[in-house]
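>>> What follows is a predicted protein model with its sequence.
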Amino acid sequence: MSAPARRRRPARKRRAGARPRPRTSGKRRQRENEQLIGIVVAGLVGAGLVVSAVNWLLANWWLLVILGVTAAGAGSVWLHQRQQRARWDAVQAQALRYAMPHLDALHHSRFEDAVRDLMFRDGCRDAVRVGGGGDQGADVKATDPYGRLWVIQCKHRRQGLAGSAVGTPDLQVLNGTARPVHHADIAVIVTNGRVTAPAVTFAQQQRLHVADRHTLAAWASGSRPLWELLPAVPRPRKPGALS
C-alpha cells in the first residue's frame with residue numbers, strides 16, 4: 001500500500017479537564033528573583049553605609065564632642081531666654097493698671113480682654129475670655145489661687161455711668177448658667193456703668209456678686225484682687241499661693 005493510501009493515525013485527544021500550562025510562570029519567577037536580589041543588595045549597601053558612618057564617627061569623635069557642646073549651649077541659651085520672658089511677663093502682669101477713661105473707650109470685646117488680664121494679674125493663671133456667640137452667660141472664666149472657679153459676665157457701657165444701667169434680667173441670665181452650666185464657685189457681673197437697686201437686691205438673694213464702676217475702678221487701678229473688694233465671697237477651696 002502506497003504512503004498516501006495509508007490511514008493517518010488519529011490525533012491524541014486532550015484529556016478532559018487538563019489545562020494548558022501558563023506561559024507566564026517562568027517570567028513571574030524571574031521577576032520575584034530579581035526583586036529578592038534587589039532587596040538583598042539594598043540591605044548590603046545600607047549596612048555598608050552604616051558601618052562606614054560608625055567608623056567615620058569613631059575616627060572623628062571630636063566632632064561629636066563639639067556638636068554636643070554646641071547643642072547644650074544652644075539649649076541653655078533657649079532656656080534662659082524663656083525664663084527671662086516668663087519673668088518679664090510676670091512683671092508686666094503685676095504692673096497692669098487701667099484707668100476708667102481707658103476702659104470706657106474700649107470695644108466690648110477688648111473690655112472682656114481687660115477683665116481677663118486683671119484676673120491673670122491677680123494670680124488666675126488659667127484666666128480665659130470665652131465671650132461671644134453661645135457663651136451661655138460667661139465672658140471670662142478663671143480659677144483663683146485658692147481653687148475657686150470664677151464665672152464673669154461683662155457689661156460694657158460706652159458712656160459709663162451715663163449709659164444704660166445693668167438690670168435684673170442681666171443678673172437672671174448669669175444666675176441661670178453660672179452654676180448649673182459652668183459650675184462656678186463665684187458668679188459676678190463686672191460693669192463700667194451702674195447697676196439698678198433691684199438688680200443689687202436680686203444678686204444678694206441669689207448669692208451673685210456685682211462689681212460696679214466704683215469697684216471696677218478700685219480693682220483696675222490698684223493691686224488688690226477682686227475677691228478682696230467684693231463682700232461675702234465664698235471661702236477658699238484650698239490654701240493658695242496668696243494665703
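On my side now, so go ahead.

>>> CA atoms for contacts and neighbours, from now on please.
Noted.

>>> domain parsing for the chain?
30-92, 100-228 (automatic domain parsing).

>>> and among these, the most buried is which?
Mean neighbours per residue, mean count of other CA atoms under 10 Å, is largest over the domains of the chain for domain 100-228, with a mean of 18.

>>> Between the two ends of it, how far is it?
19 Å (CA to CA, to the nearest Å).

>>> just to revisit the earlier point, put together JSON lines for the domains of the chain, with mean pLDDT on each row.
Output for those, formatted as JSON lines (pLDDT from 0 to 100):
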{"stretch": "domain 30-92", "mean pLDDT": "79"}
{"stretch": "domain 100-228", "mean pLDDT": "94"}
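
>>> CSV for these, including distance to residue 234?
Output for those, formatted as CSV (distance: least, CA to CA, whole Å):
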stretch, distance to residue 234
domain 30-92, 27
domain 100-228, 7
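
>>> Which residue ranges of the protein form helices?
Counting by DSSP state H, the chain has helices at residues 25-59, 61-94, 100-105, 108-121, 168-177, 197-205, 213-221.

>>> Quick check: which of those helices is nearest to residue 157?
helix 100-105 (6.8 Å; CA to CA).

>>> Can you give the distance from that closest one to the centre of its chain?
31 Å (CA atoms, centre = their mean, to the nearest Å).

>>> With stretch 56-73 instead?
Distance of stretch 56-73 from the chain centroid (CA atoms, centre = their mean) equals 37 Å.

>>> now stretch 194-206
Counting by CA atoms, centre = their mean, stretch 194-206 comes out at 37 Å from the chain centroid.

>>> Stretch 204-215 now?
The mean C-alpha position of stretch 204-215 is separated from the chain mean by 32 Å, CA atoms, centre = their mean.

>>> end to end, how far does stretch 136-146 reach?
25 Å.

>>> how close does residue 197 get to residue 158?
21 Å.

>>> Dump the helices of the chain to TSV, plus distance to residue 229.
Shown next, in TSV, are these (distance: least, CA to CA, whole Å):
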stretch	distance to residue 229
helix 25-59	66
helix 61-94	17
helix 100-105	17
helix 108-121	13
helix 168-177	19
helix 197-205	15
helix 213-221	7
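
>>> what sits against residue 212?
Under the criterion of CA atoms under 8 Å, 6 or more residues apart in numbering, the neighbours of residue 212 are 189, 190, 191, 192, 193, 194, 195.

>>> Please disregard the earlier target; I meant residue 185.
Contact analysis of residue 185 by CA under 8 Å, 6+ apart lists 148, 149, 150, 151, 179, 234.

>>> these two touch, right, the second one and residue 138?
No - with contact defined as CA atoms under 8 Å, residue 149 does not reach residue 138; the gap is 11.9 Å.
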